[in-house]
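1. Here is the input, now give the coordinates:
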Amino acid sequence: MNDILKIEISGPVVMTAAAIIGVGFFLVLFLRPSARWALTGITAIVVSALLGWLTVWIVEDVMDVFHVGLTPRVWFWAITCFAAVGLALVSFRHSPRWRKVVAAVSIPVFIVVAGLGINAEFGLNKTLGSAFGISTEGAIQLSKPDPEASIPAGPLWQSWKPPANMPAKGEVGTQVIPATASGFNARPAGIYLPPAALVDNPPRLPLFVLMMGQPGLPDPQYVSAALDEFAAKNNGLAPIAIVADQIGPDENDNLCLDTPKYGNVEKYINQDVVDWAKANLNILPDREHWTIAGYSNGGQCAISFAVKHPTMWGNVVDISGEEFPGAEDPAGNLAAIFGGNQAAYDAQKPINIMKGKQFPDTTAVFTVGSDDVTYVAAAKAVSAAARSAGMSVTYYEVPNGGHVGIALNAGLTKGFEVLYPRLGLSR
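-> Modelled structure (predicted):
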């Protein structure tokens, strides 16, 4: 079963094959058309395409279901699916049996092909398992860190000499991080160990804690892909990464706060995850080498934790993050979480927390898709507040990155470009 869940569903080969199959079924429905049937089919396509356009418009612009703008390719796949299914539906009327059979088979084919196309555009679910919210990574084996291991006097890249048998790439897997202090119901965390961590007598390495979006999985594939590239250029050196679950199996937007409604997620990340990392990972102990990071919902969590726990986190990477906790539904969260207490809600917003404070030894990276309008405004506002509060700030817009996988991958790359010298992993 696990091998099935690991099947790639977003690669170019898969998408090319799916598109050919979809077009094939579409064309078969037009075989041997009479003039009347051709008119009926074309009418169905046009009417269904218009219905598809109207549906997407209502979902995106009227109901704002996704809280982000949908890309032109998402619109294309959705409208094309409506048009193709419309053609299939009218193929059941006044048609020979073979056309009815083809129409019946083609409907799920059209839906699957469009779903694959939309998924590929978002770029966040690369395997069948991730599309269904199922992790396909097995448990990773960890060696107990040596508490007596020395800490380099200068940047690690100056003293590190990789052995000849060091692996070319890192390892990924999962580990259950007990919620000892918080009691928070979290899914197993994704773990990435870089090549330098997989040798005999490995060096202590920086810690990178990443939180993904909501909904989403604590999936290590994105951070591992980015860090393998950086490790290959830097003698196998990279942070040890934990992809921690800040939303839990119900995938609620819990605002990354400790609340009676959703549990103690802030305590889970900043105490349970941190305590587990100290006990189980061969990491450097100082805040300069510790980074809290996140994408979308996780990005907001990251900057919130960085300003609430500045003695713990020396670096923060906020990729396409919200401006403040629960920014997608502030009125609902004000009522449900804060009992209508606006002052209590405002006190949890990072911009307000930073007012009147200074964070002179914190490095912050904010990235966002250039066409992700709502989140561009959020990133500009929060990064400006961080700069005013004394942080060393990098702000970067991913060209046409949207609020999808392009923005996530490019955001991680920019974050590591900035952090590698700070973490002592490169010049």
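2. Contact partners for R427?
-> R427 makes contact with W157, P421 under the criterion CB atoms under 8 Å, 6 or more residues apart in numbering. In short, each C-beta sits where N, CA and C put it, glycine included.
3. Would you mind measuring from it to P202?
-> When CB to CB, to the nearest Å is applied, the distance between R427 and P202 equals 21 Å.
4. Also D253?
-> Distance, D253 to P202, using CB to CB: 38 Å.
5. Settle it for me: which of the two has more neighbours?
-> Using other CB atoms under 10 Å as the criterion, D253 and P202 rank with P202 on top: 22 against 19.
6. sec struct for the more buried one, please.
-> Here P202 takes the coil state, with states given by DSSP: H, G, I helix; E, B strand; the rest coil.
7. switch to numbering from 16
-> I'll keep to 16 as the first residue from here, and by that count the last item is P217.
8. isn't it right up against A211?
-> Yes - with contact defined as CB atoms under 8 Å, P217 and A211 form a contacting pair (6.0 Å).
9. who touches both of these two?
-> Counting by CB under 8 Å, 6+ apart, P217 and A211 have no shared contacts at all.
10. what are the ranges of the helices in the stretch 166-315 of the chain?
-> Read by DSSP state H, counting those that start in this stretch, the stretch 166-315 of the chain holds these helices, from start to end of the chain: 171-174, 236-248, 280-282, 289-295, 312-323.
11. so where's this structure uncertain?
-> 16-26, 28, 79-84, 138-140, 142-151 (pLDDT under 70).
12. change it to 80
-> Judged against pLDDT under 80, the low-scoring parts of the chain cover residues 16-33, 36-37, 40-49, 52, 75-86, 109-110, 134-152, 161-165.
13. the longest helix in it is where?
-> helix 112-137 (DSSP state H).
14. Buried residues, that helix. List them.
-> Judged by neighbour count using 16 or more other CB atoms under 10 Å, the buried positions of helix 112-137 are 114, 117-118, 121-122, 124-125, 128-137.
15. ranges for the strands of the stretch 116-265 of the chain?
-> Using DSSP state E, counting those that start in this stretch, the strands of the stretch 116-265 of the chain run over residues 186-190, 204-208, 222-226, 255-259.
16. Let me have these in a markdown table, adding mean neighbour count and distance to W90 as columns.
-> As requested, the strands of the stretch 116-265 of the chain are arranged in a markdown table below (neighbours: other CB atoms under 10 Å; distance: least, CB to CB, whole Å):
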| stretch | mean neighbour count | distance to W90 |
| --- | --- | --- |
| strand 186-190 | 19 | 34 |
| strand 204-208 | 26 | 32 |
| strand 222-226 | 28 | 29 |
| strand 255-259 | 29 | 31 |
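17. TSV for the ones you listed, including distance to A64?
-> Converted to TSV, the strands of the stretch 116-265 of the chain look like this (distance: least, CB to CB, whole Å):
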stretch	distance to A64
strand 186-190	42
strand 204-208	40
strand 222-226	39
strand 255-259	40
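18. For the chain, which residue occupies the most central location?
-> When the chain is reduced to its mean C-alpha position, the nearest residue by CA atoms, centre = their mean turns out to be M227, at 4.3 Å.
19. G314 versus that residue, what's the distance?
-> Taking CB to CB as the measure, M227 falls 10 Å from G314.
20. got the contact list for the helix or strand that contains L54?
-> Following DSSP states H and E, one finds L54 within helix 50-72. Contacts to helix 50-72, defined as CB under 8 Å, 6+ apart, come from residues 44-45, 48, 85, 89-90, 93-102, 104-106, 108-110.
21. mind listing what's buried in that helix?
-> Buried residues in helix 50-72, defined by neighbour count with 16+ other CB under 10 Å: W52, T55, G56, A59, I60, S63, A64, G67, V71.
22. ditto for stretch 192-209
-> 192, 194, 197, 199, 201-209.
23. contact partners of the regular element (helix or strand) spanning Y435?
-> When secondary structure is defined by DSSP H and E, Y435 falls within helix 420-437. Residues outside helix 420-437 that contact it (CB under 8 Å, 6+ apart) are 137-139, 170, 237-238, 240-242, 244-245, 249, 303, 306, 308, 310, 330, 332, 334-335, 378, 380, 382-384, 387, 409, 411, 413, 415-416, 441-442.
24. mind listing what's buried in it?
-> Along helix 420-437, the positions that meet the burial threshold by neighbour count (16+ other CB under 10 Å) are 420-431, 433-435, 437.
25. How about Y360: what's its closest non-neighbour residue?
-> Of all residues beyond its chain neighbours, the one nearest Y360 is F353 (4.5 Å), with distances taken as CB to CB, 6 or more residues apart in numbering.
26. for G169, same thing?
-> Using CB to CB, 6+ apart and skipping the chain neighbours, the partner closest in space to G169 is G439 (7.4 Å).
27. Now for that neighbour: which residues touch it?
-> Neighbour list for G439: P167, G169, P170, L171, W172, P221, H304 [criterion: CB under 8 Å, 6+ apart].
28. Need phi/psi at it.
-> Here the main-chain torsion angles of G439 (degrees, to the nearest 10) amount to phi 80, psi 20.
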